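Engineer: Attaching a predicted model along with its sequence, questions to come.
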Amino acid sequence: MFSRALGDDAELRPLEPWQAAEFAAYADRVRGALKPWIPWAYTVVDEASARAYLQGYADRQAADGGRVFGLYVSGVLEGGVIFRSFNAAQRVCEIGVWLAPEMRGRGLINRACRVLIDWAIDVRGMVRVEWLCDPRNEASIAAARRLGFTHEGTHRKAFHLDGEHRDVQVWAIVA
């Protein structure tokens, strides 16, 4: 099995459909903290929906169009890093993250994202890695800044979540 040590008993591993029960339990545990920002916090509500979500990313990975990874601390799923989109032909991808509130402030997202960003640019030849977030998501903006992303602009009312159209900030790193 693939895994990448991140230090402090943390590691990055692929999240796959066979882990649906674990992902569903994680979603239940952190749903309140993620709902303001993460669409799957609304849709991953049981093992079947978790399996469908993870299968979607397994299919994307098979088509070289996206990937999802779990962020584990002491063997427990505590967050994730995702290539929401991965366009090898255009050499542009989008990275996203989530983390259990009690794990924040430990540098886990920074270390996990650095692994994926370096792989995307150095191994896969991506020339642009994007980070999209709601302008109200201060933790996401701070993470993008720490990783060296540049804020390029804001798409107004470009994202629909929880019954409202929201603005989306676009951040990017270019090779």
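Structural biologist: Good, I have the coordinates.

Engineer: tell me which element residue 93 is part of?
Structural biologist: strand 92-99 (DSSP states H and E).

Engineer: Go ahead and name everything in contact with that strand.
Structural biologist: The contact list for strand 92-99 (C-beta atoms under 8 Å, 6 or more residues apart in numbering) reads 30, 34, 37-38, 71, 78-87, 108-109, 112-113, 116-117, 120, 126-132, 140, 143. From N, CA and C alone the C-beta is placed, and that goes for glycine too.

Engineer: repeat that with 6 Å
Structural biologist: 34, 38, 79-86, 109, 120, 126, 128-131 (C-beta atoms under 6 Å, 6 or more residues apart in numbering).

Engineer: Please apply the same query to stretch 120-134.
Structural biologist: By C-beta under 6 Å, 6+ apart, stretch 120-134 touches 37, 91-95, 117, 140, 144, 149, 166, 168-169, 171-175.

Engineer: buried sites along it?
Structural biologist: Of the residues in stretch 120-134, 120-121, 126, 128-134 count as buried by neighbour count, 16 or more other C-beta atoms under 10 Å.
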